[in-house]
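Engineer: got a predicted structure plus its sequence, pasted below:
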Amino acid sequence: MRTRPSVFDVLNVLVLTAIAISTVLPFVYVLAGSLASEAEIGERSFFLWPREVVTGTYRYIFATNGAFVRSLIVTIAVTAVGTLVHLALTFTMAYPLAKRRLPGRNLLLSLVVFTMVFSGGLIPLYLVVRNVGLLNSYWALILPAAISPFYLIIVKNFLQELPVELQEAAEIDGCTELGVFWRIVLPLSKPILATMALFFAVGIWNDFMSPLLYISDPSMWTLQMFVRQVTVSPDVNSTLGVGDPNIQPPEQGLKFAVIVVATLPILLMYPFLQKHFAKGMLIGSVKG
């Protein structure tokens, strides 16, 4: 027998639908603006579909002397390497902390939690990065935040819930601790691996503060720094590195196009990791 939906269910659906629409609309507007002409952008304050589709802005940013493409390649490389480094360090630290027999485990966990509440601050962090010689280095965008205490605890909780019997059986068969980790633990950790990879990749891709602090060479700019410079600079030609003063880019459409290209790659990652995402977050965060 089918039951009628309650008032709460109806309100819940309406509220969530409104939130979803309010989240998607700005991106749809930016996408429509990137495909519209400068005249239409000036005439219409808000639209979700251009009267005439114009792709000149995308051809322009990819046809310049490489400033935008270079920042895109830099961001892709830093995101890929940074995600691997974050995953490797987080899992290799979380695995021993998930062992209840580890000597000093409670002290180590207390120190991890302590760093979630207290930190040295921005200036001491900058001084450390400078003194170890990481300024104007891509490693400055990866190593200072290589291990997040919050994500470390989530991964530790997930690994703690894995069947101990499988690990003990592997050890009885002669498998080393490293072998257990590589052959047993990691294959069973695909949900949390996918979840953490998504979080780390999004965090590195969208990171604006680190390159702003540690990178002063414009040729080493990441995509977020480039987007910021394009949106605030009065001279778009100089930002793109175009030497011909006769070339006048479509400024508003150009800004929209740069934002779309900066958002789309990381947005396309989610469908490939979605099936592991919910499971990884739930299992990793319920028990401590």
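Structural biologist: Cool, got the structure. Numbers count the residues shown, from 1 in each chain.

Engineer: pLDDT below threshold where in the stretch 101-250 of the chain?
Structural biologist: 233-250 (pLDDT under 70).

Engineer: for it, what spans make up the helices?
Structural biologist: 105-117, 122-131, 149-160, 164-172, 177-180, 186-188, 190-205, 209-214, 223-232, 236-240 (DSSP state H, counting those that start in this stretch).

Engineer: what about Glu40, how many neighbours?
Structural biologist: 18 (other C-beta atoms under 10 Å). Where you see a C-beta, it was placed from the backbone N, CA and C, and this is true even at glycine.

Engineer: revised request: answer the last question for Leu107.
Structural biologist: The number of residues near Leu107, taken as other C-beta under 10 Å, comes to 9.

Engineer: then the one 4 residues further on?
Structural biologist: Residues contacting Leu111 under the criterion other C-beta under 10 Å number 11.

Engineer: how close does it sit to Arg105?
Structural biologist: 11 Å (C-beta to C-beta, to the nearest Å).

Engineer: excluding chain neighbours, what is closest to the residue most central in space within the chain?
Structural biologist: The chain has Val202 as the residue nearest its centroid, 0.8 Å off, counting by C-alpha atoms, centre = their mean. Of all residues not flanking Val202 in the chain, Ile266 sits nearest, at 5.7 Å (C-beta to C-beta, 6 or more residues apart in numbering).

Engineer: what's the burial count for that neighbour?
Structural biologist: When neighbours are counted by other C-beta under 10 Å, Ile266 comes out with 18.

Engineer: for Leu268, give me phi and psi.
Structural biologist: Dihedral pair for Leu268: phi -80, psi -10, per degrees, to the nearest 10.

Engineer: likewise Met269?
Structural biologist: Backbone phi and psi, for Met269 under degrees, to the nearest 10, turn out to be phi -70, psi -30.

Engineer: ok, now which ones touch it?
Structural biologist: Residues near Met269 by C-beta atoms under 8 Å, 6 or more residues apart in numbering: 198, 201-202.

Engineer: quick one: Ser37 and Thr57, what's the gap?
Structural biologist: Taking C-beta to C-beta, one finds Ser37 at 10 Å from Thr57.

Engineer: so for those two, which residue has more residues nearby?
Structural biologist: Between Ser37 and Thr57, counted using other C-beta under 10 Å, the more crowded position is Thr57 (26 against 18).

Engineer: my read: that one touches Gly33, true?
Structural biologist: No: look at Thr57 against Gly33 with C-beta atoms under 8 Å: they stay out of range, at 9.3 Å.

Engineer: how near is Asp207 to Ser71?
Structural biologist: Counting by C-beta to C-beta, the gap from Asp207 to Ser71 is 13 Å.

Engineer: common neighbours of Thr57 and Gly33, please.
Structural biologist: Counting by C-beta under 8 Å, 6+ apart, the residues touching both Thr57 and Gly33 are 253, 256.

Engineer: please parse the protein into its domains.
Structural biologist: Following automatic domain parsing, one gets these domains for the chain: 1-54, 65-286.

Engineer: name the stretch among those domains that sits most buried.
Structural biologist: For the domains of the chain, the largest average neighbour count (mean count of other C-beta atoms under 10 Å) is found in domain 65-286, namely a mean of 16.

Engineer: off-centre distance for that one?
Structural biologist: 6 Å (C-alpha atoms, centre = their mean, to the nearest Å).

Engineer: you'd agree the residue nearest to the centre of the chain is up against Leu267?
Structural biologist: No: counting by C-beta under 8 Å, Val202 sits too far from Leu267 to count as a contact (9.4 Å).

Engineer: got the contact list for Ile142?
Structural biologist: By C-beta under 8 Å, 6+ apart, the neighbours of Ile142 are 78, 81-82, 85-86, 204.

Engineer: go with 7 Å
Structural biologist: 78, 81-82, 85 (C-beta atoms under 7 Å, 6 or more residues apart in numbering).

Engineer: about what we covered before: including distance to Pro50, could the helices of the stretch 101-250 of the chain go into TSV?
Structural biologist: As requested, those are exported to TSV (distance: least, C-beta to C-beta, whole Å):
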stretch	distance to Pro50
helix 105-117	46
helix 122-131	42
helix 149-160	41
helix 164-172	56
helix 177-180	56
helix 186-188	47
helix 190-205	27
helix 209-214	32
helix 223-232	20
helix 236-240	20
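
Engineer: relative to Thr17, which of these is closest?
Structural biologist: helix 190-205 (24.3 Å; C-beta to C-beta).

Engineer: other SSEs contacting that closest one?
Structural biologist: helix 67-97, helix 149-160, helix 251-267, helix 270-286 (3 or more C-beta pairs under 7 Å, 6 or more residues apart in numbering; DSSP states H and E).
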